[in-house]
Structures are given as C-alpha cells and as structure tokens.
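Q: 3D, please:
(one chain, ligands or ions: 1)
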Amino acid sequence: MGPFTMEHRVVMAPLTRMRSSEGNVPNEMMAEYYGQRTTQGGLIIAEATPVSPYGFGYAGSPGIFTQAQVDGWRKVVKAVHDKGGFIFLQLWHVGRQSHPLLQPGNVDPVAPSAIQAEGDAYAQTGPVAFGMPRALELAEIPGIVESFRQGAELAKEAGFDGVEIHGANGYLPDQFLQDGTNKRTDAYGGPIENRARFLLEITHAAISVWGQGRVGVRLSPSSSYGSMHDSNPRATFGYVAKQLDALGLAYLHVVEPRVKGNETIDEDAEPVAVQYLRTLFKGPMIAAGGFHLLSAEALLARGDADMVAFGRAFIANPDLPRRLRDDLPLNAYDRDTFYGGNAQGYTDYPFVGGQIAMA
Ligand code: FNR
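A: Below is the predicted model:
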C-alpha cells in the first residue's frame with residue numbers, strides 16, 4: 001500500500017473508546033491497548049480524533065490540536081512502531097452530532113444547515129440528545145479546513161504513518177456530502193460538485209502536509225447513522241469516489257450499509273458499497289462493516305477490496321490477525337464497556353492461550 005509493505009490484510013478499524021486523560025490527552029493505557037493490537041506489518045487506524053475543540057461529540061475522546069495531545073499520541077505511536085506496525089490517525093469533526101455541553105463556551109454545534117439529528121452525544125455527565133446546530137457562515141469554512149490541515153500536521157509531528165479523513169457516519173464532512181443535511185445555496189451546497197467541496201478541500205489540506213500515499217478517506221454510503229440520508233446515494237458517493245481516485249490516496253475505506261454506526265442492522269446483506277465504488281476508485285480499498293473470516297476471504301478473493309477492517313472483533317481480540325489466520329475461536333465483545341471507563345473491557349481481553357500481557 002503506497003510506501004508501506006503490509007504483511008497481511010487485516011486492518012484495525014477506527015474505534016472511539018473515550019478513555020483519554022484530562023485535556024483529551026492520549027495516555028499510557030491507550031498506548032498499551034494499541035500496542036496489544038499491533039502486528040508486524042499490520043495497519044491500525046486509530047480512533048476518531050477531533051481536530052478542533054468544537055469537533056467533539058464524545059467526552060473523553062483524544063484530540064489533535066494541543067502540544068500535550070501530540071506528546072500523548074507519541075506514546076501510542078511508539079507502542080505500535082516498536083512492534084513493527086503501521087498507524088494512521090482518523091481526523092474528526094462531528095458537526096451537528098454534538099451538544100452545547102461538549103462545546104467551548106457551551107455554544108451550539110455547527111453544521112452545513114440548521115437541521116437537528118436524532119440520537120445522543122456523550123457528555124461528561126452521560127448521554128444528551130443532539131443539540132440544534134447552527135448553520136456555518138461561508139466565511140467560517142476555511143477556518144475548519146485549516147483545523148484539518150493543522151491536525152494532519154500535528155499527527156505528522158506525533159509520528160503517525162498517515163491520516164484518515166473521517167468522511168463517514170454522519171459527521172461534518174458527510175453532513176456536507178448528503179442532501180438530507182445540506183440545504184446550502186452557496187458554493188458548498190446544491191449540486192454534488194458543491195456538496196463534495198468540503199470533503200475534497202480537507203483531503204487536499206491533509207495531502208498538502210503528507211503528500212500522496214499517506215492520506216486515506218473513510219465513507220459510509222447509504223448509512224442512516226446520525227439521521228443521514230441522500231436522495232441519490234449512488235450518484236453522490238460515485239462522484240466522490242471518482243474525485244478521490246485522482247488524488248493518489250493511501251486508500252479508500254468504505255463502510256458497508258449493512259452496518260449502522262456501531263451495530264449490524266442486516267446480518268445477511270452482502271457487501272455492495274465496496275463492489276460499486278471499486279469500479280470508480282482504482283487505488284487500494286479497505287472494506288469494513290460486519291465481516292467475519294469467511295466473508296472477508298470471499299470478498300478479497302473476488303477482488304472487491306484489498307484489505308478488510310474489523311471493529312468489534314478487534315475490541316475483544318487483541319490478537320485478531322493471528323486468530324483469523326489460524327481459524328481460532330474469538331472472544332465475545334462486551335458492549336457495556338465500549339465507551340468510556342477504565343482498563344476493564346479495554347486492555348483486559350485475553351490473547352490466545354489466556355494470557356493478557358502484551359509481551
Ligand atoms: C465504531 N466505529 C467507528 N467508526 C469510525 O469511523 N470512527 C470511530 O471512531 C468509530 N468508533 C466506534 C466505536 C465503537 C465502540 C464501535 C463498535 C464502532 C465503527 C467501526 O469503525 C466499524 O465501522 C463498525 O464497528 C463495523 O465494523 P465491525 O464491528 O462489524 O467489524
């Protein structure tokens with residue numbers, strides 16, 4: 001994959017775990033968690049990480065806009081590099097999937113248009129219904145693009161191997177893309193050429209820092225997570241894939257619509273998104289969403305993707321690549337400890353043979 005020599009095709013999907021320290025600073029426990037999940041020549045995409053204090057929807061997420069955060073991430077990167085793995089950082093702005101309790105000065109969250117989503121943000125005090133967002137002024141958009149560029153730069157300073165733009169799951173770039181959430185009449189709304197502008201600008205900004213082959217983009221076509229919808233997802237995401245194809249990305253990362261955010265909604269659905277976008281995007285492709293050993297192998301054998309990302313299975317199985325290689329049973333995941341808390345349900349899932357220690 002670009003400048004990287006991968007040893008296998010099992011990718012760790014980006015997973016919000018809300019376990020950073022005060023100031024949204026990554027800590028030793030996070031370094032241990034990522035280190036446990038590292039394999040020689042394997043790719044980890046670190047959890048969604050806001051590029052700005054206004055980009056949070058989950059308290060306890062790590063950030064990438066202060067020096068302390070850069071220093072914290074260095075420990076995580078070292079744990080992964082010490083074991084010969086690669087690690088990208090997922091750059092995030094939640095847009096409307098937030099609440100004033102998660103915003104500096106308790107201001108309203110921002111979005112392309114003032115349309116509220118259904119669902120909950122995670123404040124320090126617990127879940128709170130998403131707030132009514134304020135539509136971004138045209139003049140504010142360059143500042144947000146700049147915060148993505150700065151996040152890309154700080155990720156480089158922290159030692160990451162690359163960055164992934166979080167264009168999926170109904171967060172800010174996705175809110176611009178889809179016409180259910182973008183009712184703007186300026187250069188960022190209306191036809192898909194305009195709705196894709198924000199995502200393409202932040203992708204270009206990241207490439208201006210990293211160059212080609214080290215910036216990935218994640219999309220979730222047809223996912224309704226975060227109250228998302230589009231009148232013509234095939235045209236919308238087809239256009240985006242085609243545009244991204246020209247940029248020399250590290251990869252395009254596609255979440256199948258059979259998964260909605262963090263849960264499977266249609267166990268029996270075949271992967272479709274990756275199959276369609278593969279015809280438009282010619283670079284490396286990562287498929288995600290509800291894969292198991294056999295379905296992942298079948299997908300790779302068909303040539304519909306180059307790698308498969310696993311989320312929930314990687315939470316519960318620190319040695320997932322080995323278990324898949326040797327067809328060993330998997331630990332079950334515990335949903336109650338997904339978001340926030342301590343080492344329980346985080347660094348204490350057993351490796352094959354029962355041991356927990358990473359050595
Ligand atoms: C997620 N997912 C997710 N996606 C993303 O792009 N950024 C993120 O930070 C998160 N956070 C997150 C947290 C938790 C606890 C879960 C379970 C999921 C979605 C994830 O990357 C993946 O797309 C889904 O979990 C579907 O893949 P699996 O679990 O079926 O392999």
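Q: Every contact and neighbour count from this point should use C-alpha atoms.
A: Noted.
Q: mind listing what Phe338 touches?
A: Counting by Cα atoms under 8 Å, 6 or more residues apart in numbering, Phe338 makes contact with 16-17, 345-346.
Q: Can you report phi and psi for it?
A: Torsion angles at Phe338 (phi, psi; degrees, to the nearest 10) stand at phi -60, psi -50.
Q: Kindly report the same for Glu146.
A: Main-chain torsions, Glu146, degrees, to the nearest 10: phi -60, psi -40.
Q: so it touches Thr203, yeah?
A: No. With contact defined as Cα atoms under 8 Å, Glu146 does not count as touching Thr203 (11.0 Å).
Q: Counting neighbours, go ahead and name the busier of the two.
A: Thr203 (26 against 17; other Cα atoms under 10 Å).
Q: what's near enough to touch the more buried one?
A: 165, 215, 217.
Q: Apply 10 Å and report the result again.
A: Counting by Cα atoms under 10 Å, 6 or more residues apart in numbering, Thr203 makes contact with 145, 148-149, 152, 163-167, 197, 215-217, 244, 247, 249.
Q: Report the separation between it and Gly289.
A: To Gly289, Thr203 is 23 Å away according to Cα to Cα, to the nearest Å.
Q: Check Gly131 too.
A: Gly131 sits 28 Å away from Gly289, going by Cα to Cα.
Q: Buried residues in stretch 233-250, which are they?
A: 233, 236-242, 244-245, 247-250 (16 or more other Cα atoms under 10 Å).
Q: helices or strands next to the helix or strand encompassing Asn194 in the packing?
A: According to DSSP states H and E, Asn194 maps onto helix 192-195. Counting contacts by 3 or more Cα pairs under 10 Å, 6 or more residues apart in numbering; DSSP states H and E, helix 192-195 is packed against helix 172-177, helix 233-245.
Q: Let me know whether the shortest one sits next to the ligand.
A: No. Helix 172-177 lies out of reach of the ligand by Cα under 6 Å from any ligand atom, never closer than 11.4 Å.
Q: for that helix, what is the average pLDDT?
A: Across helix 172-177, the average pLDDT comes to 98.
Q: before we move on, what about stretch 273-292?
A: Regarding stretch 273-292, the rounded mean pLDDT is 97.
Q: again, but for stretch 35-47
A: Rounded to a whole number, the mean pLDDT of stretch 35-47 is 98.
Q: measure that stretch end to end?
A: Stretch 35-47: ends 14 Å apart by Cα to Cα.
Q: Quick one: classify the residue in the stretch 151-300 of the chain that the ligand sits nearest to as helix, strand or coil.
A: Per Cα to the nearest ligand atom, the residue of the stretch 151-300 of the chain with the smallest distance to the ligand is Gly290, at 3.3 Å. Look at Gly290: counting by DSSP: H, G, I helix; E, B strand; the rest coil, its state is coil.
Q: Check Phe88 too.
A: Counting by three-state DSSP, the backbone at Phe88 sits in strand.
Q: What's the local residue count around it?
A: Neighbourhood size, Phe88 [other Cα under 10 Å]: 23.
Q: I'd say it and Ile45 touch.
A: Yes. Contact criterion Cα atoms under 10 Å: Phe88 and Ile45 qualify, at 4.9 Å.
Q: mind listing what Lys78 touches?
A: Counting by Cα under 10 Å, 6+ apart, Lys78 makes contact with 31, 34-35, 84-85, 87, 158-160.
Q: Pull out the buried members of the residues you listed.
A: Among the contacts of Lys78, the ones that count as buried by 16+ other Cα under 10 Å are 31, 34-35, 85, 87, 158-160.
Q: In TSV: those, plus secondary structure and distance to the ligand.
A: Formatted as TSV, those follow (DSSP: H, G, I helix; E, B strand; the rest coil; distance: Cα to the nearest ligand atom, whole Å):
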residue	secondary structure	distance to the ligand
Ala31	helix	16
Tyr34	helix	14
Gly35	helix	18
Gly85	coil	18
Ile87	strand	14
Ala158	coil	19
Gly159	coil	20
Phe160	coil	17
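Q: and the contacts of Phe338, which two are the farthest apart?
A: Largest separation among the contacts of Phe338 by Cα to Cα: Thr16 and Gly345, giving 13.2 Å.
Q: and the gap between Arg60 and the ligand?
A: Not quite, residue 60 is Gly, not Arg. For Gly60, the distance to the ligand equals 12 Å [Cα to the nearest ligand atom, to the nearest Å].
Q: Around the ligand, pick out the residues from the stretch 1-150 of the chain.
A: 13-17, 47-48.
Q: Find the residues that touch each one of Thr16 and Gly345.
A: Common neighbours of Thr16 and Gly345 (criterion: Cα under 10 Å, 6+ apart): 338-339.
Q: I'd like the helices and strands packed on helix 192-195 as a markdown table, with distance to Gly60 appended.
A: Formatted as a markdown table, these follow (distance: least, Cα to Cα, whole Å):
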| stretch | distance to Gly60 |
| --- | --- |
| helix 172-177 | 19 |
| helix 233-245 | 31 |
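Q: Residues of the stretch 201-350 of the chain that sit close to the ligand?
A: 255, 259, 261-262, 288-291, 310-312, 338.
Q: let's go with 5 Å and repeat that
A: Contacts of the stretch 201-350 of the chain with the ligand, taken as Cα under 5 Å from any ligand atom, map to 262, 289-290, 310-312, 338.
Q: So which of those residues sits lowest on pLDDT?
A: Asn262 (94).
Q: if I pick that residue, what's in contact with it?
A: 15-16, 169, 225, 289-290, 311-312, 335, 338.
Q: Give me the secondary structure label for Leu91.
A: Using three-state DSSP, the three-state assignment for Leu91 comes out as strand.
Q: Next up, the contacts around it.
A: Residues in contact with Leu91 (Cα under 10 Å, 6+ apart) are 46-52, 55, 63-64, 147-149, 151-152, 155, 163-167, 202, 206, 217.
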